[in-house]
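S.K.: Next input, structure requested:
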Amino acid sequence: AHERRANGASAAEKDSKADEGNSKEKDEGDEANRTAIGDILPPIKLLHGTADGTVPVRECTEFASLLQSACSASSASASSSHDAEDDSDGGEGSNPRVDTLLYDNWSHTDPILEGPFEGDQRFHREVYDLVREWTTGCDDDLPTFDDDHPACKPVCPRILIRMGRFFNPF
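M.R.: Numbering: from 1, shown residues only. Next up, the predicted model:
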């Protein structure tokens, strides 16, 4: 049996129109969420090794590009929808900085194993400096990274590290 409503539309047609209305509301809600993404993300810096066999470097650069696009799109949408009094919130500085730092010839484990074992603390220094920058807003509040600290010195002979890299599946 086919049910008709007072306006002559069937129940299925009514449900279809209701779904369209809900879909439009959902799309508008999704648009509001996309608009806010540039405002809610913190600064982002992606650190990656170019010789990573576990997560190819292409994944990192594509992710960075997508993040930047999402933030740029949200900034454009947000600035076009702001009132004159809200323009201070939608300016150029409202997008987080999305940045990528690639370590030449580093694998998936170089930042945490081989690098520190050789005394190469580039990754740790970079992370430490970013934490200082993002948490204090002023470089003077925390001490600088100390490359001369005993924990930053090489901990085993280079030949062992080279052998480890050779056998490392990552």
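S.K.: Show me the strands in the protein, by range?
M.R.: 44-49, 98-103 (DSSP state E).
S.K.: Redo the ones you listed as CSV? Include mean neighbour count and distance to Val127.
M.R.: In short, each C-beta sits where N, CA and C put it, glycine included. Shown next, in CSV, are the strands of the chain (neighbours: other CB atoms under 10 Å; distance: least, CB to CB, whole Å):
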stretch, mean neighbour count, distance to Val127
strand 44-49, 18, 7
strand 98-103, 16, 10
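S.K.: Same list, those, but as a markdown table with mean pLDDT please.
M.R.: Formatted as a markdown table, the entries for the strands of the chain read as follows, by pLDDT from 0 to 100:
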| stretch | mean pLDDT |
| --- | --- |
| strand 44-49 | 93 |
| strand 98-103 | 92 |
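S.K.: okay if I get those strands as a markdown table plus distance to Gly115?
M.R.: Written out in a markdown table, the entries for the strands of the chain read as follows (distance: least, CB to CB, whole Å):
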| stretch | distance to Gly115 |
| --- | --- |
| strand 44-49 | 9 |
| strand 98-103 | 8 |
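S.K.: So which of those is nearest Thr135?
M.R.: Distance to Thr135, taken as CB to CB, is lowest for strand 44-49 among those, at 13.8 Å.
S.K.: Dump that closest one to PDB, restricted to CA.
M.R.: Output in PDB follows, covering the C-alpha atoms of strand 44-49 (Å, rounded to 0.1, in the frame of the first residue of the first chain):
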ATOM      1  CA  ILE A  44      52.300  22.100  13.600                       C
ATOM      2  CA  LYS A  45      55.700  21.000  12.600                       C
ATOM      3  CA  LEU A  46      56.100  17.600  10.900                       C
ATOM      4  CA  LEU A  47      59.500  15.900  11.400                       C
ATOM      5  CA  HIS A  48      60.400  13.000   9.100                       C
ATOM      6  CA  GLY A  49      63.300  11.100   7.700                       C
END
